[in-house]
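Participant: Just need the structure, nothing else, for what follows:
(2 chains)
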Amino acid sequence: MSAEERISPMDSDAAAPVIGPGHTYRSVTEKISAIVLHRRTGRGWMAGFALAFFFVLVFFASIAYVLARGVGVWGINVPVAWGFAIVNFVWWIGIGHAGTLISAVLLLLHQEWRTSINRFAESMTLFAVTCAGIFPVLHLGRPWYFYWLAPYPNVMSLWPQFRSPLVWDLFAVLTYFAVSLLFWYVGLIPDLATLRDVARNRFVRVVYGVLAMGWRGSAVHWHRYHVAYVLLAGLATPLVVSVHSVVSLDFAAAQIPGWHATVFPPYFVAGAIFSGFSMVLTLAIPVRKVYGLEDFITTRHLDNMGKVLLASGCIVAYGYCLETFMTFYSGDVHEIAQANARFFGPSAWIFWSLIASNVVIPQLLWLRGIRRNARNLFLVALVINVGMWLERYVIVVLSLERSFVPSEWGSYRPTFWDVSTLLGSIGLFAALFLLFIRLLPMISAFEMRELVASRRGDLATESAEERGRVHE
Amino acid sequence: MDDARLDSTAPRRTRLFGCGEGRIWRSLDELAETEEFAAFIRREFPDQAEVWQDPLSRREFLALMAASFGVAGLTGCTRAPDSEIVPYVDPPEQVVPGQALRFATAMPLSGYGRGVLVESHLGRPTKIEGNPDHPASLGATDAILQASILTLYDPDRAKEVLRRGGTSTWGQFVGEVRQSVATFRQRGGRGLRFLTETVTSPTLTRQLRSLLEILPAARWHHYEPITQDSRREASRKAFGRPVNTIYHFDRAARILSLDADFLSVGPASLRAARQFIDARRVRAPLEPPAAGQSASALSMNRLYVIESSPSITGAMADHRLAVRSERVERLAREIAARLGVPIARSETAWTPAEERWIAALVADLRAHPGESVIVPGDFQSTAVHVIAHALNERLGSTALTHVESPEPLATGQLESLSELVREMRAGEVDTLVLLGGNPVLTAPADLDFAEALSRVNLRVHHSLYYDETSFLCHWHVPDTHYLETWSDVCAFDGTVSIIQPLIAPLYGGKSPHQILDLLLDRPETDAGEALREEWRARRGGGGSFDEFWRTALRQGVVAESTLPPVSVRVDPAALEGTAPPASPAGADIEVIFRPDPAIWDGRFANNGWLQELPRPLTKLTWDNAALVSPRTARALGVENERVVDLELRGRTVRAPVWVLPGHPDGSVTLHLGYGRERAGRVGNATEKRGGFNAYRLRTSDAMASGVGLIVRPRAERYRLACTQLHQMLEGPAEDLVHVETIQQFSARAARPLEPSAEARRSMYPEVDTSRGHQWALQIDINACVGCNACVVACQAENNIPVVGKEQVLNAREMHWLRIDTYHAGDPEEQPDTYFEPVPCMHCEKAPCEFVCPVGATTHSSEGLNEMTYNRCVGTRYCSNNCPYKVRRFNFLQYSDLDTPSLQLGRNPDVTVRSRGVMEKCTYCVQRIQRARVDLEELAAARGDAASPQQQLEIHRRMDDRLAALEPACAQACPTRAITFGDLNWKTASGAVSAVKALQMQPHSYALLAELNTQPRTRYLARLVHPNPDLVDPLSWKPGGGREEHPGER
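Facilitator: The predicted structure follows:
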């Protein structure tokens, strides 16, 4: 099979290149490693990092305050016992989805265009899951006992309560984090070796050398690498579905009107892909511009990602429709009251903003002009990021505001500390990401070289055959 | 560095703390032992008002409370009464560590006593229950009784004798008093005045009387802001002598309340609630009715309420008419005239609805002559009381009796106070001794008591708190709490209870008996001596006094002290003498003054439990408000939390509005007791909480109500902490409260409200509930009057913290038991009101248990949904998944772990929860555990018993033990609306337990049964008994009570 034939029907624009013309092995390596090794740290990066780091400090201060005083510093109450912390958790986990999807699923599906964005997406995943992981611990009334959720040997022979979705959550998130980390690191090794080889500074060489774990680029190495990588991809693929399905069970397994819906697992997964891709775009478009990577992240990439966004957005919209339909079809008075409160209640504006950002605005992506225009696409992605946060807010908070017994209906008002933890986690994410693009190759250099190779007619067949062997 | 400066502070430190260089005090005790430190504390913190006035936030307040008690607590810990210190060489027979003792005593309020049994753990009173032998309690309590234990331990109570605001001692006070007594003796008491609250204490009366004998020119006045003057006056007018009227609601088939909130106000309210509900308790026969026995055997009384401000009595009414206060007398006249009482009617045009109402009522009363009773309200005029007396006589009501009033002073209290103020102003009062009361706050505004007080040369105030009145007095002597002192008090029917101390005065308080002994120039003793002397004298000879005394103390009532009924006739002249009220201009707004349902006249303002208690109907906490009807609110252009200026006769207060469905149109209800300036740190009004002082509008001609209020809306708003907004019984709430008429209930016969067994199928395995104890709770919402006693009882029993207004605003109140209130019908047209207490449901298939990740909430084999605080990590998932939302979370550190005096009052059997854990109703598992131990012992004994006879005997004792096992809420309930028990238990006679029998009733139902949580807490439906002349009882539905059903009869 040729590279062209493997392109999926969705990738209608197959003729457009996934890498700019005229690139050689050397030019790819130089361009990518120069960002890390030679390029001066720009003022923009410094300013961005300073800002991000400020919010990291805000985050730490907020965490310290929450630990010292208790979760009562947030706006949560009874009935709305879960607030920003859980909303943020689900949001970050959702964002963390694109990484695995792009790296693993698209790898297995032989979507070559993934190559220039997969490192990006994987790193984003790691950082997003890091941010996500902080919230469930922080939101506990007594966070210092978070490990009680894990099955560990203890003198009282106490186990977690395995019927609770929160225990499943712990396993799902930890597994996802572990596999994502492995996948990311394994993928990095050849590039770390490249950096070691091209670095001039001894200290840098040693650091990258240690991290490269003795990679010499021998055929055996490459062979094992490919086997491991594909195996990991195979391992990671079910996680794309499992993590957010399990997270959705936190809600679906409960019986609160607005939570108790069987549509939740698939619709959460679609939502996660939706938010993950929008976050990749949110990050990729500015970085591409700043570091002049238009050759590697081409218009075709943007176009494809726009299509994924549109497709997953439509699934999400379908999820909304189905949920609403089932509510009224069930005839359940509590579910209907819940839906009415969402549509017309005091917080209806949140619901309608969510519909606008997740259903209405993404429809612009049907237009080629929007998908292929970096600025427009960036704006749409930004709106979707906000929309997906609002979606989780609607699910978590608005559902809790109106449960079964009207005497206990309540409302939720975030406090300063709610907002500061959210902004702080965004700061942490941004800081980690900025460190990443400064210290590690943000585009997989060796895979780009493979692309260069596949572009060369004489090498195309050989490379494909090689891959074919690997896959056996 | 700057050694000199360091040095200069060193001497001061040394002086203050006795800890110079190198010496470090090791403990607070050591620190506090020093004289210098004590002086420093005195000088710097003389319990003065400046500190109190600061608008303290709740958190600051807690910090302050803790800090101040680092000091005060050192002297304020448990002490046995000084006179009876006995070392534990041979431990006292009864005192077993870990076992609580109960002592009978009585709590006086507004002069009258209600008997209580106080639980005491190693000398610390911790919980108050009703005394079943006391006529005013019958074993029940109300919210105020329950909360009075917190006042005992209140760190803000007055702690030392103060002279002109500065620290003094009891010795100095004694010296000064002895001197002036000598002077007064020479003058025969001229210029000496006493002001008390309502007094019924025989000993205090005797002491005051002997003093007045010695000092004939001295005078004794009395005043109480929530006065029963109209009752006193009417009794004098109608019967020619002061009597107390006692209503026997159990004998009444038809009851008409003329603005009487007899279920919550008055010295006999607990008894009234019990008797009223006993006559409404409907139970279907569990066997199918035999031939000839129809379901019409079920009967209930019928309550008509005419009221000017929504009350819980009105909420229980079968027919309620909300009218402005001034219309009540006109309605009373109209009804009386139609029933043949010779009285002048007022010229009033009744609306067609009112006309139908009156006609139906009159016909109904006429049809039940001996069984009807008309109850006049304390807040109505003398005329209404006289009319009620005449009506009762006319109807030949057997449901009331009269007894001689136990009050020594027959004069009206307003009259008494006015006279005193007149004399004060005229300079005739040289020395005023105020025994209790807080007239500077509570006296009618037009009397300007504070100004008159300033003309008195020597002013002595004796009270529990250093309050508004104390501040203007020369001497302030701290009073004793009723749990700290000897005294005696009469119940509404004259039954005397001896008040005995359970603990030595925590803050060095002195009882009024001690002060009077001092004035009588008698040797200083504890009040018990005065009391025993009095009773020795009263009892005369015969029998052992000690035995009499011990019995009286043990029973909580003095045998045979109940006053005999007296026979009185209404003087016809009393009816002629009254003229119909003048018709006020229709557009004028009326103001209604009522005691606050929780903090009463303001005396309990510093009680956090009462402050945070959601008021019945309004569900407000921490504030009072101007209550108006929805229609009046619209007419005035105001809404909830809008601040308005209220002006009455030139006096103005500023109050936030709260719209209350069911309030009569054209009037505004103001609850008294708020806006305190010197109540203490909890009760003081600040910018953010504490309400407004309605006394400032209250004048002697408008004590209960007055016409001519001007309401001026302002731009600003004031946040009110409400725990439940007004909700209608419709939509998702429709099935939560099941209400039907007794006729509908009869027609439905044995058809249960339950879903079928099929609907009980669950994915989770069935648990065997056929063995062991299986606990269950049944709440009869037909019996619930919404009085809140259970809520505070639960708080006291289970160490539930107070969280403060800010936290309540964020819906974080901690009450394990709440009383949901729903309205049905048009909110603007006087809707019906239904109460529903909601504790934990203890679901057999509990949604909370499935979602807890650490298994901190689990199910016991006896059907309890248990909460393991130690295991809880605080995910709050259980709360989210609880359909009833009965779980409460410690979002912050709510329990005050630092204030020693508050620690004393806690129930040692219940864990004090820390921050970050979930909590909820446990069915008082600590009580269950105790009962289980006793039952197991008995069961073992039964196994060993030789004869079947003995076994049966032991089985009966087990029945009794189980019957005595009640959660705090059930025990407190005045109407016995809550029944707890073991579903599997079979009594010695083979009967099922009471709770099982109730569960088998056809009107037993579970909340949200469709969720298949299979709750152990179940409800009995509310039943109403409407007049068929007004509505068709078979087609009746909630809120439809006033719908016209013409021609259906």
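Participant: any idea which element the residue in the stretch 1-150 of chain A positioned nearest to chain B lies in?
Facilitator: Residue nearest to chain B within the stretch 1-150 of chain A: A:Gly141 (1.7 Å; C-beta to the nearest C-beta). The way it works is simple: take the backbone N, C-alpha and C, and place the C-beta from them, glycine included. Under the criterion of DSSP states H and E, A:Gly141 resides outside all helices and strands.
Participant: cool, B:Pro656 as well?
Facilitator: Applying DSSP H and E, one finds B:Pro656 within strand B:651-659.
Participant: Just checking: what are the partner strands of that strand?
Facilitator: Applying DSSP bridges to the sheet, strand B:651-659 is found paired with strand B:626-628 (parallel), strand B:642-648 (antiparallel).
Participant: What are the buried residues along the last one?
Facilitator: Of the residues in strand B:642-648, those with enough neighbours to count as buried (16 or more other C-beta atoms under 10 Å in any protein chain shown) are B:Arg642, B:Val643, B:Val644, B:Leu646, B:Glu647, B:Leu648.
Participant: wait, isn't the second one in contact with B:Trp658?
Facilitator: Meaning B:Val643. No - counting by C-beta atoms under 8 Å, B:Val643 sits too far from B:Trp658 to count as a contact (11.5 Å).
Participant: Which of the three states applies to B:Thr126?
Facilitator: At B:Thr126, secondary structure determined by DSSP: H, G, I helix; E, B strand; the rest coil is strand.
Participant: Repeat that for A:Ser454.
Facilitator: What three-state DSSP gives for A:Ser454 is helix.
Participant: Would you check that it makes contact with A:His23?
Facilitator: No - counting by C-beta under 8 Å, A:Ser454 sits too far from A:His23 to count as a contact (11.9 Å).
Participant: which one of those two has more residues nearby?
Facilitator: Comparing A:Ser454 with A:His23 by other C-beta atoms under 10 Å in any protein chain shown, the one with more neighbours is A:Ser454, at 22 against 18.
Participant: pLDDT below threshold where in chain A?
Facilitator: A:1-18, A:20-21, A:455-472 (pLDDT under 70).
Participant: ok, residue 275 - contacts?
Facilitator: In the absence of a named chain, chain A is used. Contacts for A:Ser275 (C-beta atoms under 8 Å, 6 or more residues apart in numbering or on different chains) come out as A:Trp91, A:Gly94, A:Ile95, A:His97, A:Ala98, A:Ile384, A:Asn385, A:Met388.
Participant: actually it's chain B I care about, not the one you picked
Facilitator: Residues near B:Gln275 by C-beta under 8 Å, 6+ apart: B:His248, B:Phe249, B:Asp250.
Participant: need the contact list for the second one.
Facilitator: Which is B:Phe249. Applying C-beta under 8 Å, 6+ apart, we find B:Phe249 in contact with B:Ile255, B:Phe262, B:Ala272, B:Gln275, B:Phe276, B:Asp278, B:Ala279, B:Asn301, B:Val373, B:Ala399.
Participant: Next one: it relative to chain A, how far apart?
Facilitator: 29 Å (C-beta to the nearest C-beta, to the nearest Å).
Participant: Read off the pLDDT value for that residue.
Facilitator: B:Phe249 carries a pLDDT score of 93 in this model.
Participant: quick one: it and B:Ser405, what's the gap?
Facilitator: Here the criterion is C-beta to C-beta, to the nearest Å. By it, B:Phe249 lies 21 Å from B:Ser405.
Participant: What of the last one?
Facilitator: According to C-beta to C-beta, B:Asp250 stands 23 Å off from B:Ser405.
Participant: More neighbours: which of those two?
Facilitator: B:Ser405 (23 against 15).
Participant: Surely the more buried one and B:Arg236 touch.
Facilitator: No - with contact defined as C-beta under 8 Å, B:Ser405 does not reach B:Arg236; the gap is 9.8 Å.
Participant: The residue nearest to B:Leu809 when sequence neighbours are not counted: how many residues sit nearby?
Facilitator: Closest residue in space to B:Leu809, ignoring its immediate chain neighbours: B:Ala721 at 4.7 Å, by C-beta to C-beta, 6 or more residues apart in numbering or on different chains. A count of nearby residues for B:Ala721, using other C-beta under 10 Å, gives 23.
Participant: which stretches of the stretch 51-200 of chain B form strands?
Facilitator: Secondary structure of the stretch 51-200 of chain B by DSSP state E, counting those that start in this stretch: the strands cover B:101-109, B:112-121, B:124-130, B:162-163, B:166-167, B:192-196.
Participant: So for the longest one, what gets flagged as buried?
Facilitator: By neighbour count, with 16+ other C-beta under 10 Å as the criterion, the buried positions of strand B:112-121 are B:Tyr112, B:Gly113, B:Arg114, B:Gly115, B:Val116, B:Leu117, B:Val118, B:Glu119, B:Ser120, B:His121.
Participant: C-alpha coordinates for it, PDB please?
Facilitator: Output in PDB follows, covering the C-alpha atoms of strand B:112-121 (Å, rounded to 0.1, in the frame of the first residue of the first chain):
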ATOM      1  CA  TYR B 112     -45.200  30.000  84.800                       C
ATOM      2  CA  GLY B 113     -43.300  26.800  85.200                       C
ATOM      3  CA  ARG B 114     -43.100  23.700  83.000                       C
ATOM      4  CA  GLY B 115     -41.700  20.600  84.500                       C
ATOM      5  CA  VAL B 116     -38.600  19.000  83.100                       C
ATOM      6  CA  LEU B 117     -36.300  16.100  83.800                       C
ATOM      7  CA  VAL B 118     -32.700  17.000  83.300                       C
ATOM      8  CA  GLU B 119     -30.100  14.500  82.300                       C
ATOM      9  CA  SER B 120     -26.900  15.000  84.200                       C
ATOM     10  CA  HIS B 121     -23.600  13.400  83.400                       C
END
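Participant: What is that strand packed up against?
Facilitator: Packing partners of strand B:112-121 (3 or more C-beta pairs under 8 Å, 6 or more residues apart in numbering or on different chains; DSSP states H and E): strand B:101-109, strand B:124-130, helix B:143-152, strand B:487-490, strand B:496-499.
Participant: could you check the angle strand B:101-109 makes with it?
Facilitator: If you take axes from the mean of the first three to the mean of the last three C-alpha atoms, to 10 degrees, strand B:112-121 sits at 150 degrees to strand B:101-109.
Participant: what's in contact with strand B:112-121?
Facilitator: B:100-107, B:125-131, B:133-137, B:141, B:145, B:149, B:198, B:200, B:267, B:270, B:483, B:489-492, B:497, B:499, B:502-503, B:556-557, B:907-908.
Participant: Which of those are buried, as a PyMOL select command?
Facilitator: Restricted to buried positions by 16+ other C-beta under 10 Å, the PyMOL selection for the contacts of strand B:112-121 reads:
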select buried, chain B and resi 100+101+103+104+105+106+107+125+126+127+128+129+130+131+133+134+135+136+137+141+145+149+198+200+267+270+483+489+490+491+492+497+499+502+503+556+557+907+908
